[in-house]
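>>> Structure, please.
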Amino acid sequence: MTIADSYAIPGTPRRWDVPQDYVTCFNWEFAPERTRLLGLYERGKTMQWNATDRIDWSQELDPENPQQLPPEMLPINAAPFFQRMAPREQSEIRRHHQAWGISQFLHGEQGALICAAKIVQQVPDMDAKFYAATQVMDEARHVEVYKKLLEKFGTAYPMTRPLQTLLDQVLQDRRWDMTYLGMQVVIEGLALAAFARIRDHAQNPLAAAVNAYVMEDEARHVAFGRLSLRDYYPQLTQHERDEREEFLVEACYHMRDRFDALGLWESLGLPVEECLRYLQESGVQAAFRSRLFTRIVPTVRDIGLWGEKIRRGYEQMGVLDYAKVDIEAQGAEDERVAREHDARRAHVEEVIRAAE
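The predicted structure is shown next:
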């Protein structure tokens, strides 16, 4: 049985072909590379890990609340129509909502895998090609772990339209830096915030570990985008920077709106209008969508795309204050939490060995 066999929406396509037309760059200079980017490449090599060994896949999920998340992490949890449902119906919706979320992680990671491979081909600098090659391996591993996790749900959902639209734009754009912007900054940035919610709130050790280990890698990916783009953008004209700011604002709206989960509510036969009205009026989704930008906004400021267009867009979205967040401190925390998971598992295995 494949993931495609478990899609909850009938007729979900089994593949998506995206025609592309861009230049593949061979670099014959092999010139002196940037020290910080080479340092990131060294870390990318030494921090590779095997998902088969590092994660205990024998752990199971709770049938009623697979990742054992707090009730409020289901966005319609307090909605009157949901509260009137029987506990069994509520559990089924909770399970599907979590499966929908993991499905989007899986689709996003496959998009990241393809984008990283495209960066290897397109980016002109050899040091960037080196690091992007390590990211290709990282993203393949992330597809592997989310596929294995989703198989335990027994239910899957197709990619949301906003995510597909953004990936389509990024993959078909001939400019190498736009792949960085769309994937490394926007898609990866939002994913990190979404991963963190599960990592920090899931009581299921398997779900928490998967997200902790993926985030450890993603912290390097965001750093890669920052280092590459902040060297490149000062070379562009004001018009070129304006174009990229417009793209960023539009892309952020696309990604923010995908969490409305329209396709999910429809497939479950729920009153879609009531779901949306509750999400808008309760402020639950607004608060969640705002927190999604804790990784993106400081990164955008750091790479130098901080003109009037981007500041006005982020102010309208209510996320401008996140520009003050220390993005490097966030990355260091992601690595610390991953090490904690390793230490916890090592302790459990030591206790089991001693008992035997």
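>>> number of nearby residues for the closest residue to Asp302 other than its chain neighbours?
Leaving aside its chain neighbours, Asp302 sits nearest to Arg226 (5.4 Å; criterion: CB to CB, 6 or more residues apart in numbering). In this view, the C-beta of every residue, glycine as well, is placed from N, C-alpha and C. Other residues lying near Arg226 total 22 when counted by other CB atoms under 10 Å.
>>> which element is Arg226 on?
Taking DSSP states H and E as the criterion, Arg226 maps to helix 205-232.
>>> So which other helices or strands are in contact with that helix?
Packed against helix 205-232 by the contact rule (3 or more CB pairs under 8 Å, 6 or more residues apart in numbering; DSSP states H and E) you find helix 35-46, helix 126-153, helix 176-179, helix 188-201, helix 296-302, helix 327-355.
>>> in it, what's buried?
For helix 205-232, the neighbour count (16 or more other CB atoms under 10 Å) marks 205-229, 231-232 as buried.
>>> which other residues reach the very next helix or strand once past that helix?
Moving toward the C-terminus from helix 205-232, the next helix or strand (DSSP H and E) is helix 238-257. Here helix 238-257 makes contact (CB atoms under 8 Å, 6 or more residues apart in numbering) with 162-163, 165-166, 169, 177-178, 181-182, 185-187, 190, 233, 236, 289, 292-293, 296, 300, 304-305, 307, 309-310, 313-314, 317.
>>> In ChimeraX, how would I select just the buried ones from those residues?
The following ChimeraX line selects those of the contacts of helix 238-257 that are buried, judged by 16+ other CB under 10 Å:
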select :162,163,165,166,177,178,181,182,185,186,187,190,233,289,292,293,296,300,305,309,310,313,314,317
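>>> I'd like to check which residues are in contact with Gly101.
By CB under 8 Å, 6+ apart, the contact set of Gly101 is 194, 198.
>>> Pretty sure it sits in a helix.
Yes: under DSSP: H, G, I helix; E, B strand; the rest coil, Gly101 sits within a helix.
>>> Return the distance of it relative to Ala140.
Taking CB to CB, to the nearest Å as the measure, Gly101 falls 21 Å from Ala140.
>>> now swap in Asn204 and tell me
Taken as CB to CB, the span from Asn204 to Ala140 is 24 Å.
>>> and the one helix or strand in the chain whose mean pLDDT sits lowest, what does it pack onto?
The weakest-scoring helix or strand in the chain, judged by mean pLDDT, DSSP states H and E, is helix 284-291 (a mean of 75). Under the contact criterion of 3+ CB pairs under 8 Å, 6+ apart, helix 284-291 touches helix 272-282.
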